[in-house]
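S.K.: Requesting a structural model of the entry that follows:
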Amino acid sequence: MAVSPESVREQPPNIMAAFIAGFNTVASHLYLILLPVGVDLLLWLAPRLRVEQIFTPAIRAMIASLEHYGNPPSSTSFAEAWEALLKEINLMGLLRTFPIGVPSLFGGLSDNLTPLGMARNLQITSLGELLSVGVLLLALGFVLGCLYFALLANATAEAPDLELTRFIGHQVPSALGFSILFYILLAILSVPAFLLVGLVAWLLPGLGNVAFFVGGLLVIMILFPLVFTPHGIFALNLNPIQAALKSMVLVQPFLPGLPIFILMALILGQGLDLLWRSAPTDSWLTLVGILGHAFIYSAILAASFVYYRRGIQWMQFLVQRTAANIAAKSQ
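M.R.: As a prediction, this is how the structure comes out:
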């Protein structure tokens, strides 16, 4: 049975109802999974952009310096670990941008095995080439992420009204402003957190890992109220400051169930990722994992837009009811 908007406004947003609405939205708008599928296909089948030719000489020079001061065994294992890591880095992973981006099953680390044979390795040979290719991939990934969020916001709206001029002229610049603000805040918070972790690790070496975990958790808790800022940009067409303020106002008093929503989303997404990644990368069964991952993450993000919209409705209802009660008492 359909639920009227009026009844939704008069009750706090229901977590399960939001997830059901998110899955139904993606099931009825399957084009929403095209961008995640496309990005994963590129990361899976396209040539790998490798950076080992740039960084391997620097790593070996560092190792030679360490060996000069003694301790060759540890320096050798250090070199082997870094060289193994560099061989796995695929610069195409920069297509996955954060906090606004297209979700992907494959990350920036990938081997060369595909159903079509060994993927080609294209080596980045200079820092200038690394910078230009990196910026291009980041820009492309960011624009695709903005388009993905805009499509999700439009699909979950009661009255879809996606406009190209508004997307290019307002939403993309606002999303860029928020991303810059997010990383500035992250850098500001990370400096004292790392200093604190370093101090604890120096004074109490056995508690270094605990301090690192606690420091990371504190940074996440401070940034947590900004979780719905992208939703305000793409669902309500707010600028980054307005969207951040609305997210902070909404999260603390009006959505006490938000941590449960995020926990359920993480368990669902990360848990199923174990299944999606179970097929070897040289098998076409990986395509099933790509499709499943795209559907699940699109549904989770669609559910977050539904949860956000209903949270806004609930907040507006409470504010209006409080104002009406105050006006009635003053008469």
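
S.K.: In stretch 271-280, which residues are buried?
M.R.: By neighbour count, and taking 16 or more other C-beta atoms under 10 Å as the criterion, the buried residues in stretch 271-280 are 272, 273, 276. The C-beta positions use only the backbone N, C-alpha and C, and glycine is treated the same way.

S.K.: So which of these is the closest to residue 119?
M.R.: residue 276 (19.5 Å; C-beta to C-beta).

S.K.: quick one: contacts for that closest one?
M.R.: 105, 288, 289, 290, 292, 293 (C-beta atoms under 8 Å, 6 or more residues apart in numbering).

S.K.: Between which two of these is the distance greatest?
M.R.: 105 and 288 (10.8 Å).

S.K.: the more surrounded of the two?
M.R.: Legend: neighbour count by other C-beta atoms under 10 Å for residue 105 and residue 288, higher for residue 105 (21 against 14).

S.K.: Contacts only, for the more buried one.
M.R.: Applying C-beta under 8 Å, 6+ apart to residue 105 gives the contacts 40, 273, 276, 277, 289, 290, 293, 294.

S.K.: how much space between the third one and residue 98?
M.R.: When distances are taken as C-beta to C-beta, to the nearest Å, residue 276 and residue 98 turn out to be 19 Å apart.

S.K.: Turn the contacts of residue 276 into a markdown table, columns for pLDDT, secondary structure and distance to residue 246.
M.R.: Conversion of the contacts of residue 276 to a markdown table gives the following (pLDDT from 0 to 100; DSSP: H, G, I helix; E, B strand; the rest coil; distance: C-beta to C-beta, whole Å):
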| residue | pLDDT | secondary structure | distance to residue 246 |
| --- | --- | --- | --- |
| 105 | 93 | coil | 32 |
| 288 | 96 | helix | 39 |
| 289 | 96 | helix | 36 |
| 290 | 97 | helix | 35 |
| 292 | 97 | helix | 33 |
| 293 | 98 | helix | 30 |
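
S.K.: just curious, which of those residues is nearest to residue 238?
M.R.: For residue 238, the nearest member of these is residue 293. The distance, counting by C-beta to C-beta, is 29.8 Å.

S.K.: wouldn't that closest one be in contact with residue 40 here?
M.R.: Yes. Applying C-beta atoms under 8 Å, one finds residue 293 in contact with residue 40, separated by 7.1 Å.

S.K.: Would you mind listing the residues touching both of those two?
M.R.: Counting by C-beta under 8 Å, 6+ apart, the contacts common to residue 293 and residue 40 are 104, 105.

S.K.: What is the neighbour count of the residue nearest to residue 123 when sequence neighbours are not counted?
M.R.: With sequence-adjacent residues excluded and distances taken as C-beta to C-beta, 6 or more residues apart in numbering, residue 123 is closest to residue 53, at 4.7 Å. Residues contacting residue 53 under the criterion other C-beta under 10 Å number 13.

S.K.: And residue 53, how far from residue 213?
M.R.: 36 Å.

S.K.: Which pair of the contacts of residue 105 spans the longest distance?
M.R.: For the contacts of residue 105, with distances taken as C-beta to C-beta, the pair at the greatest spread is 277 and 294 (13.7 Å).

S.K.: Just to check, residue 154 is in contact with residue 166?
M.R.: No. In this structure, residue 154 is not within contact of residue 166 by C-beta under 8 Å, at 10.8 Å.

S.K.: show me where the stretch 101-250 of the chain has strands.
M.R.: Taking DSSP state E, counting those that start in this stretch as the criterion, the stretch 101-250 of the chain carries its strands at 113-114, 117-118, 121-123.

S.K.: Pull the contacting residues for the nearest residue to residue 282 once chain neighbours are set aside.
M.R.: Beyond its immediate neighbours in the sequence, the residue positioned closest to residue 282 (C-beta to C-beta, 6+ apart) is residue 113, lying 4.1 Å away. Residue 113 makes contact with 119, 280, 281, 282, according to C-beta under 8 Å, 6+ apart.

S.K.: For residue 113, report the pLDDT, please.
M.R.: What the model reports for residue 113 is a pLDDT of 87.

S.K.: Buried subset of the contacts of residue 113 as a PyMOL selection?
M.R.: Provided next is the PyMOL selection string for whichever of the contacts of residue 113 are buried by 16+ other C-beta under 10 Å:
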select buried, resi 119+281
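
S.K.: Among the contacts of residue 113, which one sits closest to residue 319?
M.R.: Relative to residue 319, and with distances defined as C-beta to C-beta, the nearest of the contacts of residue 113 is residue 281, at 51.6 Å.

S.K.: What's the local residue count around residue 122?
M.R.: 15.

S.K.: Give me the neighbour count for residue 106.
M.R.: 23.
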